[in-house]
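Engineer: Let me see the structure of the following:
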Amino acid sequence: MPLEELRRLVARHARPDGTTPLDGVLLSKVSRSERPASSTSGTVLAVIVQGAKRLALGDRVYEYRAGQYLVASVDLPVTGHFTEASEAEPALGVGLVLRPPAIAALLSETPPAPAVPAPSGIAVNTASDDLLDALVRLVRLIERPADRAVLAPMIEREILWRLICSDGTVRQLGLADSNLTRVGRAVHWVRAHPAEPFRVEDLARRAGMSVSAFHRNFRAVTALSPIQFQKQIRLQEARLRLAVRPADVARAGREVGYESASQFSRDYRRHFGVPPSQDVLGRPEPVRLVP
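Structural biologist: Numbering: from 1, shown residues only. From the prediction side, this is the model:
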């Protein structure tokens, strides 16, 4: 069975930092259940081959376990943790960074599909045997360096095709004018300018949508309003800054757009569970399997 072989390969080759010699391929091995941790998702395919994980996006909760995969099609603020992991049976997973140009290249060879509303930025599905088999062949290349340059792009292309055929989210990720991609442009701007105030009308114009369509699609993708999304991005950015300057709480708040230090501390505590002055973690813990 491909899942069994994938389990053995991941257990053998997973590194503490998750990296592999294959570009865009990550392996995870976690030996204990973790407390929920905040981070950002990236655009990624994440397949669980052993154990289970819970991920939260706004008020949506996603649970997935061995034989299931999660697709994150937009870089979103998420909270996640493994719910099943131990020394005897560690949680194991494979991640593949999703590259829109590679998806677009495949879509250029297929008939166009009708426009659809923007899906959620995160989706969970059951992995087919065909998808798992392709992942096995991809991870095997860790042991076959002479084959990587030729075979890795071919297998990645096959994996993307399997996803396109079974997951509408991945298809939209490769379309330059899809509602998902339009919302993604607004998300990218907010992430790049966390301290800047904005008018929703301007974000809608950037996405090429009416204000009402933008509100509807933005919430469909992110599970948040634009203002709520910006707040989460600001808090995560502030936490990164506190990792560098842990004693300068007020400055961290100002640099991400907070005018009130007390409001910053209240929002920070509500989001991370501790006030910024007592947050010994500093840098957000990675949400493994969603790099």
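
Engineer: Leaving out the residues flanking it, which one is nearest to the most centrally placed residue in the chain?
Structural biologist: The centre of the chain sits closest to S41, judged by Cα atoms, centre = their mean, with a distance of 2.1 Å. If the residues on either side of it in the chain are set aside, S41 comes closest to A72, at 3.9 Å by Cβ to Cβ, 6 or more residues apart in numbering. All C-beta atoms are positioned from the backbone trio N, CA, C, and that covers glycine.

Engineer: wait, what's in contact with the one you found?
Structural biologist: Under the criterion of Cβ atoms under 8 Å, 6 or more residues apart in numbering, the contact list for A72 reads S41, G42, T43, V44, A46, V78, L98, G121, I122, V290.

Engineer: From A243, how far out is it?
Structural biologist: 23 Å (Cβ to Cβ, to the nearest Å).

Engineer: Identify the bridge partners of the residue nearest to S41.
Structural biologist: The bridge-partner assignment for A72, based on DSSP bridges, gives V44, I122.

Engineer: do the same with T126
Structural biologist: Counting by DSSP bridges, T126 is bridged to Q68.

Engineer: and Q172, what is it in contact with?
Structural biologist: Contacts for Q172 (Cβ under 8 Å, 6+ apart) come out as S73, V116, A118, P119, S178, N179, L180, T181.

Engineer: hang on, it in a strand?
Structural biologist: No. Looking at Q172 with DSSP: H, G, I helix; E, B strand; the rest coil, it is helix, so not inside a strand.

Engineer: measure it to T83 for me?
Structural biologist: According to Cβ to Cβ, Q172 stands 29 Å off from T83.

Engineer: follow-up on the earlier one: and the contacts of A72, which two are furthest apart?
Structural biologist: With distances taken as Cβ to Cβ, the most widely separated pair in those is V78 and L98, at 15.4 Å.

Engineer: The nearest residue to P2 once chain neighbours are set aside: what's it in contact with?
Structural biologist: Using Cβ to Cβ, 6+ apart and skipping the chain neighbours, the partner closest in space to P2 is L132 (3.8 Å). Residues counted as contacts of L132 (Cβ under 8 Å, 6+ apart) are P2, L3, L6, V47, G67.

Engineer: Surely the fourth one is in contact with L135?
Structural biologist: Yes. At 6.4 Å, V47 counts as touching L135 under the criterion of Cβ atoms under 8 Å.
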